[in-house]
Structures are given as C-alpha cells and as structure tokens.
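Participant: whatever this is, show me its structure:
(one chain, ligands or ions: 1)
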Amino acid sequence: MKKIAAIHDLSGYGRASLTVAIPILSYMGYQVCPLPTAILSAHSEYKNFRSYDLTAQMQGIIDHWKELALHFDALYSGYLASEEQINIVSRFFDDFSQTDNFILVDPVLGDHGQLYPGMDVRMIASMRELCKKANVITPNLTEAAFLLGESPTPLPSPAETIRWCKALSESGPEYVIITSAPSGNGKKIATIAHNRNDGRTWRVCSDYIAASYPGTGDAFASVITGSLLNGDSLPEALERAVHFINMGIKATFGYDHNPLDGMNQEKVLHYLNESLPYFTYELIPE
Ligand code: PXL
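Facilitator: Numbering: from 1, shown residues only. Next comes the predicted model:
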C-alpha cells in the first residue's frame, strides 16, 4: 500500500488537519502515517483553545522512522506551529525525499487577509523557504499573497491571481494551486493551478456559498495529495478536490450548524471513490 507521511496538528474538536487528512486519505486507499506537530483542544479559531506543542517530540519520531528505514510515497505537510517546526520539516524532506515520491506543502498561515491566531509574520519567510522544496503547494489567496510579499487586500483581479500562481511556481514548486481565487463572476469562486513543467494553467469554478468552514483547506490539500498519488492529471486532481469540497459544503450549509465545527465531511467521503460525474476544468489561455 502507498504510504503518506502527514505532518499536521491534531485538533481534538473542530474538523481540521489530521482529523480531516486521515479519513480522506484512508478512504482513498492510502496508509496515513501521522507526524503530529501539536495537540490542540480545538482548532485555533475557537476562543481559548489550548495548544500543546510537540516540537521537542518531532525529532525523536523522525529519528525512529529513519531507524526503520521507512519509505513514503508522499510527504505532506500542513499546519506547523513555529519556525523551529518548519526547520525540522525541511530537514525531514531532505531525509525522506526520493526520486519516486513527491512533497506537497499546504502553507497554512492564514485566511481572509489575516494570519491565523498564534502565527507570527516571521513564519511567512520560513514557509516561503519550505515551499521551495515542495513539488506541489496549495495556498489560499491570503497565503499566496503572504508568500509573494503582496498585500492580500484589496482582492486581486483574476488576471493578477494567475500571475501570482505563475510567480510562485518560479520559486520551486512544479504545481501551484491557489484556492478561493476570484473568478470575475460574483456568484462563482475559482481554483487555479499552474503546471511549471508544461506551462499550462487550469481553472475550475464552483458556486460561491456565503459560508466559511475551517479545515476545508486541509480537506482540499488532502484530496489533491491522494488524487496525484493515484496518477490523476493536475486538472483532474483539481476537479476532484473542488467537487469534494463543494459537496461537503452543501452537505453542511443546510443545517443550523456552528461554522467553526467545519464541514460534514463524513456525509461525503464516499464521493472520493466514485468517478466524477462531469469535468468542468478550463485551460486558461496564455
Ligand atoms: O485548517 C487549517 C488549520 C489547521 N490546524 C489548526 C488550525 C487551522 C485553521 O484555523 O487552527 C490548529
């Protein structure tokens, strides 16, 4: 079975990070090997969350994995709690990266134009360095702006977002995927992806829904990881991840539900193993 090293926090309540990545990637048929970065009572958007940092434990876990001579088919990182953790993960990539595996970095830093609580601006520079080692990165619009040293507000135009996607790929990653991008149509939101290897840029538009659920970025990046590992093309992976999030949001929005609790992914996991009912991806002209 293909194995994925998943480097994220474990948030007890609120669907985010490992509680999202493990079910999705298991459902897709992979063995998920978690390297936890922190244990939180609940994800950091809940007031008064408690966070227990595992920086001191991470190296010991990695050392044991080295003794076991483990091989992973994908190295996948998300929420990292400090600059020091980013450095540990960077060394982990050096040790476990092979010609037959890939690195996906979801540069979790913030959303809606702001850093997440507990993140400080110095982490942006470290995350920028980590992204250079990745084959694939999946920033949201805010994170893309931070990585490029741009301002996340006011919202960039669709053409500007495409330039950001290409600019980020020049710093290293072969695939750059930007989520929550403007589409030019107020009722739609775009997910765009640039492939530096063939110079093509793709876009998938989906209905804009006036709700925001933490953890959807983790679900998105997890589906992309599983899809690429399955041999899907970049636009196919994009389509699958957008479809999954779209179905998850629609399986949540109708309920009287605290948005902080995340999307009802349990109701939509089965879509991960079904063929897509349609393809809507578009090639963006040069
Ligand atoms: O979904 C990203 C994420 C991951 N981990 C923790 C978070 C968040 C976003 O708020 O708080 C702990």
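Participant: where does the stretch 1-150 of the chain come near the ligand, residue by residue?
Facilitator: Proximity of the stretch 1-150 of the chain to the ligand (Cβ under 6 Å from any ligand atom) is limited to residues 9, 11, 16, 17, 40, 43, 44, 45, 79, 108, 116. For glycine as for every other residue, the C-beta is placed from the backbone atoms N, C-alpha and C.
Participant: what pLDDT is listed against the nearest residue to the fifth one once chain neighbours are set aside?
Facilitator: Looking back up the chat, that one is residue 40. Excluding its sequence neighbours, the residue lying closest to residue 40 (Cβ to Cβ, 6 or more residues apart in numbering) is residue 11, at 4.4 Å. On pLDDT, residue 11 comes in at 97.
Participant: helix or strand for residue 11, which one?
Facilitator: Counting by DSSP states H and E, the element that carries residue 11 is strand 3-13.
Participant: and the helix or strand following that strand, what's its mean pLDDT?
Facilitator: Using DSSP H and E, the helix or strand that follows strand 3-13 towards the C-terminus is helix 18-27. For helix 18-27, mean pLDDT rounds to 98.
Participant: just give me how far helix 18-27 sits from the chain centre.
Facilitator: Remark: helix 18-27 is offset 13 Å from the chain centroid, using Cα atoms, centre = their mean, to the nearest Å.
Participant: cool, stretch 273-280 as well?
Facilitator: Using Cα atoms, centre = their mean, the offset of stretch 273-280 from its chain centre is 21 Å.
Participant: alpha carbons of the host helix or strand of residue 224, as PDB, please.
Facilitator: Secondary structure from DSSP H and E places residue 224 in helix 216-229. Output of helix 216-229 as PDB, limited to C-alpha atoms (Å, rounded to 0.1, in the frame of the first residue of the first chain):
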ATOM      1  CA  THR A 216     -11.700  23.000   4.100                       C
ATOM      2  CA  GLY A 217      -8.200  23.900   3.000                       C
ATOM      3  CA  ASP A 218      -6.900  20.700   4.800                       C
ATOM      4  CA  ALA A 219      -9.600  18.600   3.000                       C
ATOM      5  CA  PHE A 220      -8.700  20.200  -0.300                       C
ATOM      6  CA  ALA A 221      -5.000  19.600   0.000                       C
ATOM      7  CA  SER A 222      -5.600  16.000   1.200                       C
ATOM      8  CA  VAL A 223      -7.700  15.200  -1.800                       C
ATOM      9  CA  ILE A 224      -5.100  16.700  -4.100                       C
ATOM     10  CA  THR A 225      -2.400  14.600  -2.500                       C
ATOM     11  CA  GLY A 226      -4.500  11.400  -2.900                       C
ATOM     12  CA  SER A 227      -5.500  12.200  -6.400                       C
ATOM     13  CA  LEU A 228      -2.000  12.900  -7.600                       C
ATOM     14  CA  LEU A 229      -0.800   9.800  -5.900                       C
END
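Participant: name the helices or strands packed onto it?
Facilitator: strand 3-13, helix 18-27, strand 74-77, strand 102-105, strand 136-137, strand 175-182, helix 234-253 (3 or more Cβ pairs under 8 Å, 6 or more residues apart in numbering; DSSP states H and E).
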